[in-house]
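**Q** Coordinates for the following, if possible.
(3 chains)
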Amino acid sequence: MVDHMSEARSQEPLVSLEQIQLTFERANSLLDRRRMRVLDNVTLAIQRGEILGLVGESGSGKTTLGKTIVQLYRPRGRILYGGSDLAAMSERALLPIRRRLQMVFQDPLSSFNPHFSVGASVALPLKLHGLVTRENARKRVFELLEQVGLNADHADRFPHELSGGQLQRVAIARVLGLKPDLIVADEAVSKLDVSVRAQILNLIRRANRASHVGFVFITHDLAVARFLCDRIAVMYCGRIVEIGGTESIFSDPHHPYTARLINARKSLDTVELASEGRDPSTAPAACSFAPRCSRRQARCTQEQPVLTGNAFHHAVACFDPVQPSGAPRLNDVSCKTVA
Amino acid sequence: MRAFLKHRLAVGGALITLVVFGAVALGPLLSPYSPTEMDFSALLAPPSFAHPFGTDSFGRDVLTRVLEGARISLCVSLAGASAALALGTACGLFAAYRGGLADSVMMRASDLLFSFPSFVLALFLMVVLGFGVTNIALAITLVYFPIFARLSRNLGAVVLTEPWVQAARLFGQSTACILVREILPNIAAPLMVQATIGVAFGIVIEAGLSFLGLGVQPPTPSLGTIMADGREYFGPAPWVITLTGVAISFALLGLNLLGDGLRDLSDPKLRSRP
Amino acid sequence: MTEPLLDVEDLRVTFGANGSVSEVVGGVSFSVYPGEVLGLIGESGSGKTVTGLALLRLLPEQARADARRLRYRGRDLSGMRGRDFDALRGRELAMIFQDPVGAFNPVKTIRWHLAGTVAGAREDDLARMLDEVGIRDPRRVLGCYPQQLSGGMLQRALIAMVFALRPALIIADEPTTNLDNIVEGQILALIRTRQRELATSLIFVTHDLTIAHAICDRVAVMYAGEIVEIGATADVIERPRHPYTIGLLNTARSLERRDELLFEIVGEPGTRARGQACRFSPRCPRATPACVASHPDLVPIFGGVAVRCPLHG
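**A** Numbers count the residues shown, from 1 in each chain, chains lettered A, B, ... in the order given. This next block holds a predicted model:
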């Protein structure tokens, strides 16, 4: 895995997000409109062929970030891909690019139109992008299904006739057929049984190794993230608070939140996190994690920390990161983020 | 299909509706009388074997007139309801997809139309547009348009949040393709139910308008005009208006039962398939 | 040996619709002792959730349940009248569901829900109940409606309610599956703490071996509606015998080890052999002709461990 990473690092990023902001407006009534800053100044570079994990609790913005990468949400900021800024492009201009940035959803059953057979649903995108003709469409669908471990009979089944695991395989087949550069997998295995999860994770890994298609793997399950991902980005309240190589993050977490996340699963005698749920509508000029942080200092409530360090090794946004004893404090390093 | 056949109400409704359609389609052809043929020797004759519904004040066979009138009624309300379904659904889906201003404008316009009691609105339209069969159909369309628009917009808005629609956007499907392929089939059932109700109401509106003299003009028979005639001489010949009313009720019963049945069947919990 | 609190023998549940009947739970037997936590582990199609629902008579209309013996504190449950069972269900038998939302009335406040469980409780008592389950600012939460709270907070409130009843037996059906890692850890710790404090018996339904390992005293692994292995947690998880249990553990371990490719159990969960054969045989890497010839019984091996597999006695 180390070689894979160093090779990736030396290339131009596949997708580069710069200062991404996304605000949702929720109208409780005509007069009370709450604006929630769902993504707050996110900067992230995704390398070709890597599997990047996005972890965090619900509300952290990881799913939203995933959907923003594939342009289901249009944010403020820049998203560079293939030399163009996706965020500035019109819907129409985006159409030919759409094929390269794809997504697999959390609930396999609702990612298929119940009125059509799964074979038809796999064929449609292929036809739309001119990748098959009417004659060879069926054959290509069979090929794709076999590639994911299903067989030709499954093509004529309807979504409700297949199990969650089988459907998720079809979803992956459908997406792989387009030969994308990047697939965002949004909690793609969370709703699956344990044994099926293993099958799908293996499938993803094989696809990545074979065709170098990159993945952004969104999950709240750290064990899975650790197994699958080359790099991990930890999100909290719409910001990336820590990012780096998987092993580095897991063996040596710097951000207090990351440390809590990692220890939460290890033992069940966890320390209670002070309060649950914070209000993302307040635009903090302060670290969003401060209210729950045991290492909180004065500075944390006055300034928002930025990601500092090398995002391919280890970078963290914190004024007083957790350090293994003896190591120098990270915030002495003067270089800003090299995302 | 199997599930449909098991639902007694739906089957009953379908059968009644079929009987009505059949009688209406074939009756005037099979009847020995013409709807306008007058027989002065049998004025206001009570129901008999020769005249099952009796005759009216001009000696015309009421049954034949009722069937002919029903045919016109059904055609008009089917036309009106279909147009309302097509236009309303198109507008509603468009509003749901676009959201924002287009959505608000369309919904407020629908609300405006919807705020008038349906019959009053139809009356007003007839006065403005003038009498005649096509205008009745138009009135029915306008009265029913907001219901379909609102229904399809609300149903469509829900389906739009489904992951398979988001996936369709990611695959680069055009708006039209998404509306027709991804959304429409999944909202069709409640719309069809509403359509059967629409036809039923259309019949009532048409009959009502004609009754008031604002719809189909004599001597063309219409359920409404027959009843208007029958009202005048209710004393000596109550069967005219009564039997005509019964015939209308029978048709409406069939349509409503059919609609109820379709609504029950579109409830996913009753589907036997796992 | 103490008397079991709950004694189940040969529980069967069938779902029938329009002439086709399928057996979802086929002959499940186990006992739950006072103060112990029994885990029911399985994936989709194992019948673990249906077992829990059957015990509390919460099955949908088209399901039929019956058992050769179903005793709670020595009393026969199957023959009990509806009214008597309802009284029992509210007071001594309780359930924590996977999705807490369904357990709350959306037009009533949390205060109303909590007050309904404990007669004569004052505001202070209710606030303390919420505080005990780790909800900060309990007085504010008391005034909230269910839809204003996150999944984790609702689950905590539900736990507060359930434990306030001081039931003798709680069935928890995957109570943390929908929650995030952090919150999950906290809820599990909470359940375990309260369970120990009140010495409540707990049947914990889950698909996650790690959780079962941490919380349960004994575990029963279920496949295709049957128990295939049952025994003390330490025995079953550290020295599994049934190939399915071994498969589940291998998958978990290969994830921990971060192998290049994870260990896979071949086939789909819930796949079962028809007729007289071991139901797991189509997916079993160690299947022999003996496995297909006859349906194996659940056989005690030693020290409370029983296995349903011809390869083990």
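
**Q** From here on, just use CA atoms for contacts and neighbour counts.
**A** Will do.

**Q** what's the spacing between residue A:185 and residue A:207?
**A** Look at residue A:185 and residue A:207: by CA to CA, to the nearest Å, they are 13 Å apart.

**Q** Just want to know which of these two has more residues nearby.
**A** Neighbours were counted for residue A:185 and for residue A:207 using other CA atoms under 10 Å in any protein chain shown; residue A:185 has more, 24 against 18.

**Q** Is the more buried one located within a strand, as I assumed?
**A** Yes. Residue state for residue A:185 (DSSP: H, G, I helix; E, B strand; the rest coil) corresponds to a strand.

**Q** correct me, but it touches residue A:218?
**A** Yes. Using CA atoms under 8 Å, residue A:185 makes contact with residue A:218 at a distance of 6.0 Å.

**Q** what's the burial count for residue B:198?
**A** Neighbours around residue B:198, by other CA under 10 Å: 29.

**Q** Look at it and report its pLDDT.
**A** We have a pLDDT of 89 for residue B:198.

**Q** where along the stretch 201-339 of chain A do the strands fall?
**A** Secondary structure of the stretch 201-339 of chain A by DSSP state E, counting those that start in this stretch: the strands cover A:214-219, A:231-236, A:239-245, A:308-310, A:314-316.

**Q** Chain B: which of the ones you listed is closest?
**A** Closest approach to chain B among the strands of the stretch 201-339 of chain A is made by strand A:214-219 (15.7 Å; CA to the nearest CA).

**Q** packing partners for that closest one?
**A** Contacts defined by 3 or more CA pairs under 8 Å, 6 or more residues apart in numbering or on different chains; DSSP states H and E place strand A:214-219 against strand A:51-55, helix A:62-69, strand A:182-186.

**Q** Give me whichever of these is most buried.
**A** Highest mean neighbour count among these (mean count of other CA atoms under 10 Å in any protein chain shown): strand A:51-55, with a mean of 27.

**Q** now the angle between helix A:62-69 and that one, please.
**A** With axes from the mean of the first three to the mean of the last three CA atoms, to 10 degrees defining the directions, strand A:51-55 sits at 140 degrees from helix A:62-69.

**Q** who does strand A:51-55 touch, helix- and strand-wise?
**A** Packing partners of strand A:51-55 (3+ CA pairs under 8 Å, 6+ apart): strand A:214-219, helix A:222-228, strand A:231-236.

**Q** and these as CSV, adding mean neighbour count?
**A** CSV is the format used below for the helices and strands packed on strand A:51-55 (neighbours: other CA atoms under 10 Å in any protein chain shown):
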stretch, mean neighbour count
strand A:214-219, 26
helix A:222-228, 21
strand A:231-236, 26
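
**Q** Select, out of those, the one closest to residue C:269.
**A** Closest of the helices and strands packed on strand A:51-55 to residue C:269 is helix A:222-228, at 19.8 Å (criterion: CA to CA).

**Q** Briefly note if the closest one comes near chain C.
**A** Yes. Contact between helix A:222-228 and chain C, assessed by CA under 8 Å from any CA of the partner chain, occurs at A:222, A:223, A:224, A:226, A:227, A:228.

**Q** who touches the residue in chain C that chain A sits nearest to in this structure?
**A** Scanning chain C for the residue nearest chain A gives residue C:258, at 5.0 Å (criterion: CA to the nearest CA). Residue C:258 makes contact with A:226, A:227, A:228, according to CA atoms under 8 Å, 6 or more residues apart in numbering or on different chains.

**Q** What distance do you get for the residue of chain A at minimum distance from chain C to residue A:202?
**A** Proximity to chain C, evaluated over chain A using CA to the nearest CA, is greatest for residue A:227 at 5.0 Å. Distance, residue A:227 to residue A:202, by CA to CA: 10 Å.

**Q** Need the residues touching each of these two.
**A** In contact with both residue A:227 and residue A:202: no residue, using CA under 8 Å, 6+ apart.

**Q** Okay, now the unreliable bits of chain C?
**A** C:1, C:313 (pLDDT under 70).

**Q** And the helices in the stretch 51-200 of chain C, which stretches?
**A** Counting by DSSP state H, counting those that start in this stretch, the stretch 51-200 of chain C has helices at residues C:82-91, C:110-115, C:123-132, C:138-142, C:151-164, C:181-198.

**Q** Mind putting the ones you listed into JSON lines with mean neighbour count and distance to chain B?
**A** As requested, those are exported to JSON lines (neighbours: other CA atoms under 10 Å in any protein chain shown; distance: least, CA to the nearest CA, whole Å):
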{"stretch": "helix C:82-91", "mean neighbour count": "14", "distance to chain B": "26"}
{"stretch": "helix C:110-115", "mean neighbour count": "20", "distance to chain B": "29"}
{"stretch": "helix C:123-132", "mean neighbour count": "18", "distance to chain B": "35"}
{"stretch": "helix C:138-142", "mean neighbour count": "18", "distance to chain B": "30"}
{"stretch": "helix C:151-164", "mean neighbour count": "22", "distance to chain B": "21"}
{"stretch": "helix C:181-198", "mean neighbour count": "19", "distance to chain B": "24"}
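
**Q** As TSV, these with distance to residue A:45 would be great.
**A** Below are the helices of the stretch 51-200 of chain C laid out as TSV (distance: least, CA to CA, whole Å):
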stretch	distance to residue A:45
helix C:82-91	55
helix C:110-115	45
helix C:123-132	43
helix C:138-142	41
helix C:151-164	33
helix C:181-198	26
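
**Q** closest to residue A:235 out of those?
**A** Comparing those by CA to CA, helix C:181-198 comes nearest, at 13.7 Å.

**Q** Please give the centre-to-centre distance between the closest one and its chain.
**A** Distance of helix C:181-198 from its chain centroid, counting by CA atoms, centre = their mean, to the nearest Å, is 15 Å.

**Q** If anything else comes up later, I'll come back, but that's it for now.
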